[in-house]
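Novice: Everything below, folded, please.
(chains A and B)
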Amino acid sequence: MNSDIIKMTATELAAKIKSKELSSVEVTKAFLGRIKEVDPKIKAYVSVCEDYALKQAQQSDDKIAKGENVGVLEGVPIAIKDNILIKDIRMTASSKILENYIAPYDATVITKLKDAGAVFVGKANLDEFAMGSSTENSAFFTTRNPWNTEHIPGGSSGGSASAVGAMTAPLALGTDTGGSIRQPASCCGIVGVKPTYGRVSRFGAVAFASSLDQIGPMSKTVEDSALLLNVIAGHDTKDSTSINIDVPNYLSTIKDGVKGLKIGLPKEYFIDGLDADVKASLDKSIEVYKNLGAEFVEISLPHTDYAVAVYYIICCSEASANLARYDGVRYGFRADCNNLLDEYQKSRGQGFGAEVKRRIMLGTYALSAGYYDALYGKSQKVRTLIKQDFEKAFEKVDIILTPSAPTPAFKIGEKSSDPLQMYLSDIFTISCNLAAIPGMSLPCGFSQKGIPIGMQLLAKPFDEQTMFKTAYAYEQATAWHKEFPKI
Amino acid sequence: MNNKYEVIIGLEVHSQIKTKTKIFCNCSTDFHSQPNTNICPVCTGQPGVLPVLNKHAVELIVRTGLALDCTINKKSVFARKQYFYPDLPKNYQISQYELPFCEHGKINITVDGKTKSIGITRIHLEEDAGKLIHDIGSRQLDYSLADYNRTGVPLMEIVSEPDMRSPQEAAAYLESLKNLIEYVEASDCNMEEGKFRCDANISIRPFGQKEFGTKAELKNMNSISGVQEALSYEVERQIEIVESGGRVIQETRTWDPNEKVTKSMRSKENAHDYRYFPDPDLVPVNLDDEFIDNIKKNIPELPEARKARLINDLGLSEYDTNIIISDKALADYYETALNTANKGAKEPAAAAKTVANWIITELLGKLNNSKLTIKESPISPENIGKLVILISKGTISGKIAKTIFEDMFKDNKDPEVIVKEKGLVQISDAGEIVKVCQEAIDENAKIVADYKSGKKSAIGALVGAVMKKSKGKANPQMVNKTLTELLNK
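Specialist: So this is what the prediction gives:
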């Protein structure tokens, strides 16, 4: 029975719990059991919230028993990336500097999930402060890819992706600043969605790069991600950058199909150096879409080459300010110290890992007097050009299809000594954040070594509906979402 | 003191904006709360929090900008000003750099009777920092305490052009600015509570030279007189350096109010690089015409308009008016008192002048002696109004009024009550007065003789005698008249 439960989608679980075919406690226990069984190998969780989750599950069951109104995720377990705050639960951002930080409030997405009845089974590992593409930058441990534990799960939402991939949770929340939902989703063979910037409130997600960060759903199926986005999307008065426009029901149009849909293939993304397995999977996927009645159009996004450079200047600049608050004065790790300067230097020096410090220094430099115009100022201008590339492209096409990552998940340690190589893992996902458009990754095959491969769909701002229906049509025509890792 | 060098002064004023809640969260701005009680995750910089702009703070800064003849920028942007200090929870301050709310304004000042216009470069909106406490009473702590109640209280920074040419002008500018901000009700401007703070940039140059000299930035002046003292000291210091062949260096200096000197804090080389950049958590603020027009329409009466009204409608002298409007609280006090007085006055114009006299000569003098401000006046304006009614109706004499005023100053007792309790009603009954006057004449034969022999001033002594006999209650005009009549019979 438990092995059935953990393979169910969130949609199925919600229905069965609501109809009392399954109890939430039963479901929650099944996933907690699965965590006990496989997480020692996978290491997806920084914290497992067993007592908290069982209490929530019991409350859901009580509500259902009393015939009260239930939420759309009533009793359904979810893993939360550990840079999102749940009141009274430890929130580390996978950093030593916040190792013992207890969240004093709920993120807006958490409030919405609580209202919808979701059960929080644990806090998922990430690259420290969401800076990285492999979870190797976590201050605590590296999460493993459930398809092959020698490989990375991707990052920074590697814990969330691996948790869903390994069936320790049917749903997860991630955050995506330059691909941190889509790239790990691709690595772990699941669906991951970065909504349009401003679609989901950022209140209560630890800021890495404020103009790029966005919280999004991760799940085994497209439908589950649409369901989860239905719950978390919407304007929030606590986030001035969240946009006050109506949120459609993403499930209502998901089955509309792709007949006559114009799909753009940006020539800058299908480059010579692309991994052969990735290319083969993409080619086959294009055939699937053609058979479904979609049309393909070659498009150009001419400023693609500058995206990585622009991204790292902007995200590091914003991060250098966003991470200044972690100083040991009011909360978090404080080193032994003799005076104020010593306190700052030692607390931050010992509290932050190497990659975080590298990015703080890069950002500090880019914003310094004399360098600002040439670096940060220029980057903002190029960012506008990249955005315009997409605007022009979307005059011709409804959706854009690209690989999610240049290679399938690489081996742990393979790139950790070369930050530049690591930065290129995000080459296909970064532009989406710079342009503030929605994007998602969904499974589209496996490498010859059996590592999942993902494809990315990019849509117009606030047109997640087209993205979901495009993804759903493909998913229903293929069977990748029915594959489970043997762990 | 100096006729070779021209003094150039520009001022930066930080004024707390009077909102109920903080600029980016819903915490109270109450100054008197216990430490760290008006705080929340947002203003203490917890992970994941985001700022949401308080619209009222924007209204008040725009109102101030309009009162200062500024251009209001339709698009305004917040920026992060970065530096590490334990009173700044995020280790950056949300402030403005490019595109502040208000620019290019001006304000008039008057020094030695001459009026001059001082340019306002810009007014921008930002959040205040918290407070660090390094000692408890006289006990020096070997650590510091942080109070974050003030963190996130809205501030406007008003930057002037380098248009002031003397410490006196700087003081006049601060007085005018403070008064204007109080008029538009944008700030309490209480300097003791740190709600109105000032930094000064000052340099000197030989008269005739076009380029500015090297400036020093002065900090830590806690009163307007402190600013003037610090600037005067700094003028002398800079002249002395130049006269002895040295060069003024660009630096930040702090005013020591005990030693009455400025001391070097940091040089230009050690100046902060604040690494300003637009705050990505706050979208640019777009102000439409309707928003600005609405504020324009509802702007409270400004000092110049009030002055014109007091002179033209009430017939007050320019001298009295200047005193009254120089402090909004005083002008409000005056008009409240006058309102009460007018209710019982036969001639409003006369009441306007009488009320002004009582406030300017009697009340302000008493307040000054007791080191109280008009807001702290023990006498309510309504009671001043009632006092004036009692005088104008002839119920009490001016002399009695002064003794009643003394009583009122002790406990704000209603003057009507005092008059009743002490039986101070003026005697205006002609028969009664003739009787007392006759008694006085009968009892002072020598003075009467003096008067009759041509020493007309002797009548004063007789008036005094009458007043003494009537315990001051006899109507002085009637006494005078009756005595003259009786003596000339």
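Novice: how about stretch B:274-294, does it reach chain A?
Specialist: Yes - for stretch B:274-294, a contact with chain A is found by Cβ under 8 Å from any Cβ of the partner chain, at B:275-277, B:279-283. C-beta: built from backbone N, CA, C; applies to glycine.
Novice: Show me what residue of the stretch 351-489 of chain B gets nearest to chain A.
Specialist: Across the stretch 351-489 of chain B, no residue is closer to chain A than B:Lys375, which sits at 36.5 Å (Cβ to the nearest Cβ).
Novice: one step back: now a ChimeraX select for only the buried ones of the residues of stretch B:274-294 next to chain A.
Specialist: One line in ChimeraX is enough to select the buried ones among the residues of stretch B:274-294 next to chain A; burial here means 16 or more other Cβ atoms under 10 Å in any protein chain shown:
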select /B:275,276,277,279,280,281,282
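Novice: Look at B:Lys399 and say how many residues are nearby.
Specialist: The local packing count at B:Lys399 equals 13, with neighbours defined by other Cβ atoms under 10 Å in any protein chain shown.
Novice: what kind of secondary structure is it in?
Specialist: Assigned state for B:Lys399: helix (three-state reduction, DSSP: H, G, I helix; E, B strand; the rest coil).
Novice: likewise B:Lys116?
Specialist: What three-state DSSP gives for B:Lys116 is strand.
Novice: quick one: the closest residue to A:Gly257 other than its chain neighbours and A:Gly192, what's the gap?
Specialist: The spatial neighbour of A:Gly257 that comes closest, neighbours along the chain excluded (Cβ to Cβ, 6 or more residues apart in numbering or on different chains), is A:Ala473 at 5.4 Å. With distances defined as Cβ to Cβ, to the nearest Å, the gap from A:Ala473 to A:Gly192 amounts to 18 Å.
Novice: try A:Ser180
Specialist: Taken as Cβ to Cβ, the span from A:Ser180 to A:Gly192 is 9 Å.
Novice: which residues do those two both contact?
Specialist: With contacts taken as Cβ atoms under 8 Å, 6 or more residues apart in numbering or on different chains, A:Ser180 and A:Gly192 have A:157, A:174 as neighbours in common.
Novice: Let's test this: what are the backbone torsions at the residue nearest the centre of chain A?
Specialist: The residue at the geometric middle of chain A, judged as the C-alpha nearest the mean C-alpha position with Cα atoms, centre = their mean, is A:Ile181 (2.2 Å). Main-chain torsions, A:Ile181, degrees, to the nearest 10: phi -100, psi -50.
Novice: My read is that it contacts A:Ser157, right?
Specialist: Yes - under the criterion of Cβ atoms under 8 Å, A:Ile181 lies in contact with A:Ser157, with a separation of 5.3 Å.
Novice: residue contacts, A:Thr466?
Specialist: Residues in contact with A:Thr466 (Cβ under 8 Å, 6+ apart) are A:261, A:398-399, A:459-460.
Novice: of all those residues, which comes closest to A:Gly67?
Specialist: Within the contacts of A:Thr466, distances to A:Gly67 taken as Cβ to Cβ reach their minimum at A:Ala459, with 39.7 Å.
Novice: Pull the number of nearby residues for that closest one.
Specialist: One way to gauge burial is a neighbour count; for A:Ala459, by other Cβ under 10 Å, it gives 25.
Novice: What of B:Ser428?
Specialist: Summarising burial for B:Ser428: neighbours were counted as other Cβ under 10 Å, giving 15.
Novice: Beta-bridge partners for A:Ala172, please?
Specialist: For A:Ala172, the residues forming beta bridges with it (DSSP bridges) are A:Ala79, A:Met218.
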